[in-house]
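In: Need the 3D shape of this:
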Amino acid sequence: MKHKGVYMIIIAMFIGLIGFSGWKIWQLQKEYKDGADLYDEVSQFVVIPPEPSESKEPDNSAPIETQYDETASDILWPEIDFNALREINSDIVGWIYIEGTEINYPIVQGEDNSYYLKHLFSGEWNSSGCLFLDSRNALDFSDIHSVIYGHHMKNGSMFSGLDNYKRQDYYDEHQNALLLTPDGNYQITFFAGYVASVEDDAWKLGFRSDEFENWYSRAIEKSCFQSDTVPAVTDRIITLSTCSYEFNNARFVVLGILQ
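Out: From the prediction side, this is the model:
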């Protein structure tokens, strides 16, 4: 009888463990869905223009300034309703879009670098978090080095796609990102991406005049891909940062020139 009681306790604990694991999986899936639903809803304030058809004749009835001018620029800028986004969250500072990827999200800036790790753009608690600009940076991206953080989510959302920049062929197909802000639009031209330890200086913001070139030159030396793009000391650099799993507390950072 004594052994039977022990077995019953073990079985009960086993069933409880299964139930708890199932609940955790359900909770995680719900968070994924809630996060995806929220960002799908927010995307209604973003219009991605379609690629112009090569065979289509130009519309001569349209105003000159609205026609697609291939000689002027091949960038099709998304249109962002920042006023509507600001009504949802006044911390909005920009929007990042990388064509052909899942990266198409708002960027916020909090009072610290902790809050948006676990809060969606709406302010709702969720492990997906939100892409956010380092709280030490100028909100208009005017610093010589600005850092944008995002989670590496298992469902492929947020900054998970940055992991693909560990491959040369992926970089060759996705060399640029678009950063849109209330004050203006920018192209980010990537030039380096590497796995960093949290002890590295990948997130250094302040530089003496003789430090900056050495800093980005070391990033190029460590890069997982080769690029023909080389920054100048007068350039502004944007770093996109997410978790990586080569070792404990690894991060993957992708650096680009803000143009």
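
In: so how many other residues sit close to the closest residue to residue 76 other than its chain neighbours?
Out: Using C-beta to C-beta, 6 or more residues apart in numbering and skipping the chain neighbours, the partner closest in space to residue 76 is residue 49 (4.5 Å). Where C-beta positions appear, they are placed from N, C-alpha and C, glycine not excepted. Residue 49 has 11 neighbours, counted by other C-beta atoms under 10 Å.

In: Give me the below-cutoff pLDDT ranges for this protein.
Out: Applying pLDDT under 70 to the chain picks out residues 1-32, 34-35, 51-73.

In: elements contacting the strand of greatest length in it?
Out: Secondary structure assigned by DSSP state E gives strand 184-197 as the longest strand of the chain. For strand 184-197, the packing partners by 3 or more C-beta pairs under 8 Å, 6 or more residues apart in numbering; DSSP states H and E come out as strand 176-181, helix 212-222, strand 250-258.

In: re earlier: and the residue nearest to residue 76, how far from residue 75?
Out: 10 Å (C-beta to C-beta, to the nearest Å).

In: where do the strands sit along the stretch 101-250 of the chain?
Out: 104-108, 131-133, 145-149, 176-181, 184-197, 236-243, 250-258 (DSSP state E, counting those that start in this stretch).

In: export those strands to JSON lines and tack on distance to residue 79 and mean neighbour count?
Out: Output for the strands of the stretch 101-250 of the chain, formatted as JSON lines (distance: least, C-beta to C-beta, whole Å; neighbours: other C-beta atoms under 10 Å):
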{"stretch": "strand 104-108", "distance to residue 79": "13", "mean neighbour count": "23"}
{"stretch": "strand 131-133", "distance to residue 79": "19", "mean neighbour count": "24"}
{"stretch": "strand 145-149", "distance to residue 79": "21", "mean neighbour count": "23"}
{"stretch": "strand 176-181", "distance to residue 79": "9", "mean neighbour count": "19"}
{"stretch": "strand 184-197", "distance to residue 79": "10", "mean neighbour count": "20"}
{"stretch": "strand 236-243", "distance to residue 79": "21", "mean neighbour count": "21"}
{"stretch": "strand 250-258", "distance to residue 79": "20", "mean neighbour count": "22"}
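
In: still on that earlier bit, host element of the residue nearest to residue 76?
Out: Under the criterion DSSP states H and E, no helix or strand holds residue 49.

In: What does it show for phi and psi?
Out: phi -70, psi 140 (degrees, to the nearest 10).

In: show me what contacts residue 191?
Out: Neighbour list for residue 191: 216, 220, 223, 227, 229, 230, 231, 255, 256, 257 [criterion: C-beta atoms under 8 Å, 6 or more residues apart in numbering].

In: Only the buried subset of those residues, as a PyMOL command please.
Out: Burial among the contacts of residue 191 is assessed by 16 or more other C-beta atoms under 10 Å; the matching PyMOL selection reads:
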select buried, resi 216+220+223+227+231+255+256+257
